[in-house]
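Novice: Structure for this input, please:
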Amino acid sequence: MYLIVGLGNKGKEYENTHHNAGFLLLDKLQKEYNFPEFALVKKHSSLISEGMMNEKKVILVKPQTFMNASGKAVKSLLPKLSLGAPKLSLVVIHDDIDIPLGKVKVSENRGSAGHKGVESIIQALGTKNFTRIRIGVLPLKGKPSNVESFVLKSFLSGEKKLLVLSIDTAVQKLLALVK
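Specialist: As a prediction, this is how the structure comes out:
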């Protein structure tokens, strides 16, 4: 079983922001793989959709806490999922300001590198032993002076083509993991 967590911030004002790259990828997966609509599960403070990919059970999760409290939602799901499950693989998908827009990296068992959502998950679980798919959002002109403000801004029209490329690449990397 795979628990695939896309990081983002809840609310309409954040829908197309750099920080919501994880949510954007899960939206694509939900549509392409005919998962049911996301449903709010208050007990887990998350929007959840369950389905199959590559003949494996997959649970897509969009925490509805703000980014820096994502760990609370992820931790609440683990006891429920580990009961009777032969193996649970956690994959966290998020934006990464240190990777150029259009690029994607997969990493395992690494620190947060300053990403507040990832740090929240590491703190809540007490481990960094999970897979991350990091979607680059670094603009072509370089790292902005105020990163926190930048990641909460919407993608510019010129960035959208690279975002689509990133998300398509991330989907392929995820499919390689879910096998």
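Novice: How far off centre is stretch 109-123?
Specialist: Taking the mean of its C-alpha atoms, stretch 109-123 sits 12 Å from the chain's own mean (Cα atoms, centre = their mean, to the nearest Å).
Novice: Outside of that stretch itself, list whatever touches it.
Specialist: The set of residues external to stretch 109-123 that reach it, using Cβ atoms under 8 Å, 6 or more residues apart in numbering, is 5, 7, 22, 67-72, 74, 92, 94-96, 98, 128-130, 132. All C-beta atoms are positioned from the backbone trio N, CA, C, and that covers glycine.
Novice: and if you look at stretch 172-179?
Specialist: With Cβ under 8 Å, 6+ apart as the contact definition, stretch 172-179 has outside contacts at 2, 4, 25, 29, 53-54, 56, 58, 89, 91, 93, 104, 106, 131, 133.
Novice: ChimeraX command to pick out the buried ones of the residues you listed?
Specialist: In ChimeraX, the members of those classed as buried (16 or more other Cβ atoms under 10 Å) are selected with the following command:
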select :2,4,25,29,53,58,91,93,104,131,133
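Novice: The contacts of stretch 172-179 in strands, which ones?
Specialist: Under the assignment DSSP state E, the contacts of stretch 172-179 contribute 2, 4, 53, 56, 58, 89, 91, 93, 104, 106, 131, 133 to strands.
Novice: Please identify the helix or strand for Leu175.
Specialist: With the criterion set as DSSP states H and E, the secondary-structure element containing Leu175 is helix 160-177.
Novice: For that helix, buried residues please.
Specialist: By neighbour count, and taking 16+ other Cβ under 10 Å as the criterion, the buried residues in helix 160-177 are 162-163, 166-167, 169-171, 173-174, 177.
Novice: Going by distance to Thr17, which of those residues wins?
Specialist: For these, the residue nearest Thr17 by Cβ to Cβ is Leu163; the value is 11.0 Å.
Novice: Run through the residues that contact the closest one.
Specialist: Under the criterion of Cβ under 8 Å, 6+ apart, the neighbours of Leu163 are 21, 24, 101-102, 155.
Novice: Might one say that Val137 is in contact with Leu101?
Specialist: Yes. Taking contacts as Cβ atoms under 8 Å, Val137 lies within contact range of Leu101: 5.6 Å.
Novice: between these two, who's got more neighbours?
Specialist: Of the pair Val137 and Leu101, Val137 is the one with more neighbours under other Cβ atoms under 10 Å, namely 27 against 24.
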